[in-house]
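Undergrad: only geometry, no sequence info:
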């Protein structure tokens with residue numbers, strides 16, 4: 001059983017689509033369908049950003065482990 005995470009509501013002359021509880025995951029458009037599509041783009045962009053960050057962190061960890069093995073007593 002899943003709880004809906006996406007909220008879409010009329011906002012002025014258009015629609016605001018957002019992910020509940022996530023202040024930076026939202027999109028505005030003049031039609032409901034466009035707002036949904038734009039929100040999908042935002043979510044995909046954030047996922048890509050986090051995957052890139054994860055890769056940087058993995059590389060840093062590997063480099064740290066290499067340095068530890070070189071400088072091990």
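TA: Nice, thanks for sending it over. This is a predicted model, so every value here is computed, not measured.
Undergrad: and the strands in this protein?
TA: Along the chain, counting by DSSP state E, strands occupy 6-11, 14-19, 26-29.
Undergrad: what sits against the residue positioned nearest the centre of the chain?
TA: Against the mean C-alpha coordinate of the chain, by Cα atoms, centre = their mean, the closest residue is residue 46 at 2.7 Å. When contacts are counted by Cβ atoms under 8 Å, 6 or more residues apart in numbering, residue 46 touches 24-25. (Glycine included, C-beta is placed from N, CA and C.)
Undergrad: so how far is residue 62 from it?
TA: Counting by Cβ to Cβ, to the nearest Å, the gap from residue 46 to residue 62 is 25 Å.
Undergrad: also residue 19?
TA: Distance of residue 19 to residue 62, computed by Cβ to Cβ: 32 Å.
Undergrad: neighbour-wise, which of the two wins?
TA: residue 19 (17 against 10; other Cβ atoms under 10 Å).
Undergrad: and the gap between the more buried one and residue 42?
TA: From residue 19 to residue 42 the distance is 9 Å (Cβ to Cβ).
Undergrad: what touches both of those two?
TA: In contact with both residue 19 and residue 42: 25-26, using Cβ under 8 Å, 6+ apart.
Undergrad: that older thread, so which of the strands of the chain gets nearest residue 69?
TA: strand 14-19 (42.0 Å; Cβ to Cβ).
Undergrad: tell me what angle the closest one forms with strand 6-11.
TA: 160 degrees (axes from the mean of the first three to the mean of the last three Cα atoms, to 10 degrees).
Undergrad: low-confidence bits of this structure, can you list those?
TA: 1-2, 73 (pLDDT under 70).
Undergrad: one more time with 50
TA: Residue ranges of the chain with pLDDT under 50: 1.
Undergrad: show me where it has helices.
TA: 32-70 (DSSP state H).
Undergrad: cool, thanks, signing off.
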